[in-house]
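In: coords please:
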Amino acid sequence: MSIELGKFNTLEVVKQVDFGMYLDGEEEGEILLPTRYVPEDCKVGDWLNVFLYLDIDERLIATTLTPLVQVGEFACLEVAWVNEFGAFLNWGLMKDLFVPFSEQKMKMQVGNKYIVHAHLDEESYRIVASAKIDRYLSKEVAAYQPGDEVRILIWQKTDLGFKAIIENQYSGLLYDTEIFQPLRTGMTLKAFVKQVREDGKIDLMLQKPGFEKIDDFAKTLLDYIKEHNGHITLTDKSAAEDIYDTFYVSKKTFKKAVGDLYRKRLIVLHEDGISLATQKQK
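Out: Predicted coordinates for the structure are as follows:
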């Protein structure tokens, strides 16, 4: 088993010293886990899940901290400082993540956040990042089916909507006409595949396809009210964002479902919410 730089590895503790523990890195030799990262009651013979990277002296070192990105992943990171060689991003570890000027689409500014891809530089064997995202996205046609649930990272705003990175691998698009909540670059959230086009492009939705059918949602809403002691504080005057955060549907769909249930005399409408018709008014 060879170790993987820039990722988590499960390694055995082989030696204890005053300044930490040494782990078995096999052909890479022993790897130091500094004292500040050693778990309580850790002893020789234990196996630890650690992240491996290079310290400021380019030595292989381990940590039990979880970085904001691993090699092969995309993330939205903030610039901590810049010098004549490039920018350095805060990724949750003591040594910042380097982005050479050649890997920046625009000159990065301290305090700003950027979507980047972390990878190993083939020449220096260092963990570096690049803001040239397209280069690291898969060009293969994804095997997704409509309705498949995926995790996405909001990438950038376009004229049509928002581009998103799907499962650290593919590019997808959320259309403005189907977005019912505020989005911003760097957000990670759940989405659903609407379709994979013949050209390989992937259309996304933030609610499951078909879930916005009024009859289906009316039943979901009624069940939700029952599960919450017969009363909810949302109304048709509530903010669209609050409705979406609760039900993952648009305000339009919510209002139609409320109207449907009200006409069937299954609910009672109040200034401060909605109750089951059998529930005594508060």
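
In: how about the helices in the stretch 151-282 of the chain?
Out: Remark: helices assigned in the stretch 151-282 of the chain by DSSP state H, counting those that start in this stretch are 214-227, 240-247, 251-263.

In: pick out the residue nearest the middle of this structure.
Out: The centre of the chain sits closest to Thr188, judged by C-alpha atoms, centre = their mean, with a distance of 3.3 Å.

In: show me what the nearest residue to that residue once chain neighbours are set aside is bridged to.
Out: Once flanking residues are discounted, Thr188 sits nearest to Leu153: 5.2 Å by C-beta to C-beta, 6 or more residues apart in numbering. Placement of C-beta: from N, CA and C, glycine included. Beta-bridge partners of Leu153, counted by DSSP bridges, are Ile165, Thr188.

In: what is the neighbour count of Leu153?
Out: By other C-beta atoms under 10 Å, the residues close to Leu153 number 20.

In: these two touch, right, it and Lys163?
Out: No. Leu153 is beyond contact range of Lys163, at 9.9 Å (criterion: C-beta atoms under 8 Å).

In: pLDDT below threshold where in the stretch 1-150 of the chain?
Out: Low-confidence segments of the stretch 1-150 of the chain (pLDDT under 70): 1.

In: now do the strands in it.
Out: 8-17, 20-24, 30-34, 47-54, 60-63, 74-82, 86-90, 97-100, 113-120, 127-130, 149-157 (DSSP state E, counting those that start in this stretch).

In: related to what we said a few turns ago, could you say which of the helices of the stretch 151-282 of the chain is packed most deeply?
Out: Among the helices of the stretch 151-282 of the chain, the stretch with the highest mean neighbour count (mean count of other C-beta atoms under 10 Å) is helix 251-263, at a mean of 18.

In: and that helix, what does it pack onto?
Out: On a contact count with 3 or more C-beta pairs under 8 Å, 6 or more residues apart in numbering; DSSP states H and E, helix 251-263 meets helix 214-227, helix 240-247, strand 267-270.

In: how far off centre is the shortest one?
Out: Think strand 267-270. Strand 267-270 sits 37 Å away from the centroid of its parent chain (C-alpha atoms, centre = their mean, to the nearest Å).

In: paired strands for it, with orientation please.
Out: If you go by DSSP bridges, strand 267-270 pairs up with strand 273-276 (antiparallel).

In: off-centre distance for the strand it pairs with?
Out: Relative to its parent chain, strand 273-276 has a centroid offset of 34 Å by C-alpha atoms, centre = their mean.

In: just the CA trace of it, in CSV.
Out: Extracted C-alpha coordinates of strand 273-276, given in CSV (Å, rounded to 0.1, in the frame of the first residue of the first chain):
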residue,chain,number,x,y,z
GLY,A,273,-49.4,30.1,10.3
ILE,A,274,-51.5,27.1,9.2
SER,A,275,-53.3,24.5,11.3
LEU,A,276,-55.1,21.3,10.6
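
In: which residues are contacting it?
Out: When contacts are defined by C-beta atoms under 8 Å, 6 or more residues apart in numbering, strand 273-276 is touched by residues 225-226, 230-235, 258, 266-268, 281-282.

In: quick check on those residues: which are buried?
Out: 225, 230-232, 234-235, 258, 267-268 (16 or more other C-beta atoms under 10 Å).

In: so for stretch 91-100, what gets flagged as buried?
Out: For stretch 91-100, the neighbour count (16+ other C-beta under 10 Å) marks 91-93, 96-99 as buried.

In: can I get that stretch in CSV, CA atoms only?
Out: This file holds the C-alpha atoms of stretch 91-100, laid out as CSV (Å, rounded to 0.1, in the frame of the first residue of the first chain):
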residue,chain,number,x,y,z
TRP,A,91,-7.2,25.6,3.6
GLY,A,92,-7.2,24.9,7.3
LEU,A,93,-3.6,23.8,7.8
MET,A,94,-0.5,25.6,9.1
LYS,A,95,1.1,25.8,5.7
ASP,A,96,-1.1,27.7,3.2
LEU,A,97,-2.0,26.3,-0.3
PHE,A,98,0.0,27.8,-3.2
VAL,A,99,-1.6,29.0,-6.4
PRO,A,100,1.1,30.1,-8.9
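
In: done for today, thanks.
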